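Engineer: Build me a model:
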Amino acid sequence: MKITKAVIPAAGLGTRVLPATKSMPKEMIPIVDKPAIQYIVEEAAAAGITDILIITNRGKGVIEDHFDLSPTLMESLEKAGKTAQLESIKDIHKLANIQFIRQIETKGLGHAVSRARSFVGDEPFLVLYGDDVIIGDIPASKELIDAYGTFGKGVLGVKPVSEEAIKKYSSLKLDPISDTVFKCTDMVEKPQTKEEMFSLYSILGRVILPPEIFDILDHTAPAAQSATTWATSSASCRLTSRPVSSTKRSAKV
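Structural biologist: Numbers count the residues shown, from 1 in each chain. Below is the predicted model:
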């Protein structure tokens, strides 16, 4: 099945980058001349995604405004002869069919993704973390979509991390299929000792999930749906009977 839908959770409070996010969503922090989330939407579109659901929260209406048409601004730029600036904004709203929904209660990433059930329907879908910008000649999302087309299973983007850094993330148990593709059979959250670590690979902010994930999230305790553990909890359950493939990526954020 072709993957055409993507979900971008962007409801987090951004507390790790305060005070920059006191009055501005972290997803709108500019990287050179574009906000971070525009890079992420552009990546999804370049990978063949046509429909995107961005999950926001109160105080993040500026994200929706960014992907809307700006007639007054465009008219002003045109009258001033600022062609380059006009070209940079006039087609932002055409990148994809973009919808928005709010996560009314801040209950973590898993809960945010569960809000996409009606949007996704009975299709596999791509999840792109709203604050993970990945730059590459081939979109990271395209690599995951291609892997799904080959193996027909959920796909995790993975990245190598240091032994010290992996204590903050998850450690994946991987069996190599090729140089850049692995079979993922287990994972452990925030391992603190070498004995607890499966490998020095952790999840990158790109995941392809089957629609069955929503039933799994429904039966996962809220504490296990936090921003740092939802993927581990849900994927571990799913991996028991449905191993996923993982593609290795290098990232520049």
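
Engineer: can we go C-alpha only for contacts and neighbour counts from here?
Structural biologist: Will do.

Engineer: Could you pull out the helices in the stretch 101-250 of the chain for me?
Structural biologist: All helices of the stretch 101-250 of the chain, identified by DSSP state H, counting those that start in this stretch, fall at 109-114, 117-120, 140-151, 213-218, 230-241.

Engineer: any chance of those in TSV, with mean pLDDT, mean neighbour count and distance to residue 193 too?
Structural biologist: Converted to TSV, the helices of the stretch 101-250 of the chain look like this (pLDDT from 0 to 100; neighbours: other Cα atoms under 10 Å; distance: least, Cα to Cα, whole Å):
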stretch	mean pLDDT	mean neighbour count	distance to residue 193
helix 109-114	83	23	26
helix 117-120	94	15	37
helix 140-151	88	19	30
helix 213-218	82	17	29
helix 230-241	36	19	18
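
Engineer: Which of these sits closest to residue 100?
Structural biologist: Within the helices of the stretch 101-250 of the chain, the stretch nearest residue 100 is helix 117-120; the backing value is 10.2 Å (Cα to Cα).

Engineer: hmm, who's touching the closest one?
Structural biologist: 5, 53, 211, 214 (Cα atoms under 8 Å, 6 or more residues apart in numbering).

Engineer: Quick one: low-confidence residue ranges for the stretch 51-200 of the chain.
Structural biologist: For the stretch 51-200 of the chain, no stretch is flagged by pLDDT under 70.

Engineer: residue ranges for the strands of it, please.
Structural biologist: When secondary structure is read from DSSP state E, counting those that start in this stretch, the stretch 51-200 of the chain shows strands at 51-56, 97-102, 125-128, 155-160, 170-176, 181-189.

Engineer: Would you reformat those strands as TSV and include distance to residue 119 and mean neighbour count?
Structural biologist: Listed next are these as TSV, based on distance: least, Cα to Cα, whole Å; neighbours: other Cα atoms under 10 Å:
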stretch	distance to residue 119	mean neighbour count
strand 51-56	7	23
strand 97-102	9	16
strand 125-128	10	24
strand 155-160	20	24
strand 170-176	28	20
strand 181-189	27	20
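
Engineer: Next, format those strands as CSV and append distance to residue 88.
Structural biologist: Listed next are the strands of the stretch 51-200 of the chain as CSV, based on distance: least, Cα to Cα, whole Å:
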stretch, distance to residue 88
strand 51-56, 21
strand 97-102, 18
strand 125-128, 23
strand 155-160, 30
strand 170-176, 38
strand 181-189, 36
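
Engineer: quick one on the thing from earlier: quick one: which of the helices of the stretch 101-250 of the chain is nearest residue 197?
Structural biologist: Judging these by Cα to Cα, what sits closest to residue 197 is helix 230-241, at 13.9 Å.

Engineer: measure stretch 77-88 end to end?
Structural biologist: 11 Å (Cα to Cα, to the nearest Å).

Engineer: and what of stretch 13-32?
Structural biologist: By Cα to Cα, the extent of stretch 13-32 from end to end equals 22 Å.

Engineer: re earlier: let's have the contacts of helix 117-120 in CSV, adding distance to residue 106.
Structural biologist: Output for the contacts of helix 117-120, formatted as CSV (distance: Cα to Cα, whole Å):
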residue, distance to residue 106
5, 23
53, 17
211, 22
214, 18
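
Engineer: now what about stretch 188-195, what contacts it?
Structural biologist: Residues contacting stretch 188-195 (Cα under 8 Å, 6+ apart): 166-172, 196-198, 229, 232.

Engineer: For the nearest residue to residue 77 once chain neighbours are set aside, give me its contacts.
Structural biologist: Counting by Cα to Cα, 6 or more residues apart in numbering, residue 77 lies nearest to residue 86, which is 5.9 Å off, once chain neighbours are set aside. By Cα under 8 Å, 6+ apart, the contact list for residue 86 reads 74, 77-78.
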